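Novice: take this sequence and fold it.
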Amino acid sequence: MSPTTLPADKAKSPSIVLRFMALPTDQIIAGAQGIGGGRVLEWIDQAAYACAVQWSGKYCVTAYVGHIHFTRPIPSGHIVEVRSRIAMTGRSSMHIVNEVRSADPRDGIFTRACDCLVIFVAMDPDTGRSTEVPPFSPETDDQRRVWEAAESRVQLRKAIEKEMEKQTYDGPSDAPRMINRFLAKPTDVNWGGNVHGGTAMEWIDEAGTACTMEWSGERTVAVYAGGIRFYEPISIGDLIEVDARMMRTDARSMQMSIHVRAGDPRGGRESLRTAIHATVAYMAMDNDWQPLAARQFTPRTEEDKSLWEHAGILRSLRGKYSPKPLVVAPQHQHLD
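Specialist: Predicted coordinates for the structure are as follows:
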């Protein structure tokens, strides 16, 4: 057996665990209590990708990341553990549940910091089209519970996508907004030659954080992302436009709509296509990293009023469908 060949039973394992150290360079804000949400999402995407490729034996692309709950910050210097496992499979898709925990290495007690669902699609390298994956059949009570939890989110995603199709996101607006533009670098590439989904999610969080910090005058953190949808691949050398726009404020949260557009820079900004769209909620934090009341945004243009209502509908849909929890494991666990 060659060094790169895995035994058949290992190659089709439905789960994987990555462990590493959170570094000072993982922080994007000086004096922050923990690692930024974008970097955490990048870790999740890497672990979920490894899980998907391990199960399918094919190159895979990120299609969706959703139901992202950031429950606490991860300090620099902590040991980070990302647990990813297959929850459900379709013809070419793999629904993967991910849980991020961290522990101070001095006590070794892991505590949950984030959990979410990621959907990957297996691709045929010759045709560039989706290809079938081995079906996953739950065998234990816990695997059946996770399958049902993933399945309970299917109708919610369809309802949200239908609601999103009604919005233009490009009418006249007075909303707080941040637009970052740059070129996709060779260091952003993934194993398939396109920009890594996790890298793009870090761009999304950077723009959302910058916009909400500018609006609030305070440090802000991502607390929830309802869905990040991937529509088009991004190539190295593409002109990237990350457009973060406030949709709604509530008592403490600021709800953002963030588009990533990409294309050949020779075609100009008008030719950029929408590659990714995300909705992310942020909160402002005081010096002790306790939540502050949000500075209120009042929509005035028709487009801003429509997006304000749109954000409220998205929230009500999540309450209406009440998906089952993906993770119910104990909050604390000692280092093995």
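Novice: all helices of the stretch 51-200 of the chain, in order?
Specialist: Under the criterion DSSP state H, counting those that start in this stretch, the stretch 51-200 of the chain contains helices at 141-151, 154-164, 197-216.
Novice: and the last one, how far out from the chain middle?
Specialist: Between the centre of helix 197-216 and the centre of its chain there are 12 Å (C-alpha atoms, centre = their mean, to the nearest Å).
Novice: circling back to that earlier point, between the helices of the stretch 51-200 of the chain, which gets nearest to residue 37?
Specialist: Set against residue 37 and scored by C-beta to C-beta, the helices of the stretch 51-200 of the chain come closest in helix 197-216, at 4.9 Å. All C-beta atoms are positioned from the backbone trio N, CA, C, and that covers glycine.
Novice: mind listing what's buried along that closest one?
Specialist: Neighbour-count burial for helix 197-216 flags 197-213, 215-216 (criterion: 16 or more other C-beta atoms under 10 Å).
Novice: ok, now stretch 75-90?
Specialist: Buried, per 16+ other C-beta under 10 Å, within stretch 75-90: 76, 78-89.
Novice: thinking again about what came up before, mind putting the helices of the stretch 51-200 of the chain into a markdown table with distance to residue 97 and mean pLDDT?
Specialist: Shown next, in a markdown table, are those (distance: least, C-beta to C-beta, whole Å; pLDDT from 0 to 100):
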| stretch | distance to residue 97 | mean pLDDT |
| --- | --- | --- |
| helix 141-151 | 6 | 92 |
| helix 154-164 | 14 | 88 |
| helix 197-216 | 17 | 96 |
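Novice: any chance of CSV for those, columns distance to residue 28?
Specialist: As requested, the helices of the stretch 51-200 of the chain are exported to CSV (distance: least, C-beta to C-beta, whole Å):
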stretch, distance to residue 28
helix 141-151, 31
helix 154-164, 28
helix 197-216, 6
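Novice: so which of those gets nearest residue 222?
Specialist: Per C-beta to C-beta, nearest to residue 222 of these: helix 197-216, 5.8 Å.
Novice: what's the closest one packed up against?
Specialist: helix 37-56, strand 59-70, strand 177-183, strand 219-230, strand 239-249, strand 253-263, strand 273-285 (3 or more C-beta pairs under 8 Å, 6 or more residues apart in numbering; DSSP states H and E).
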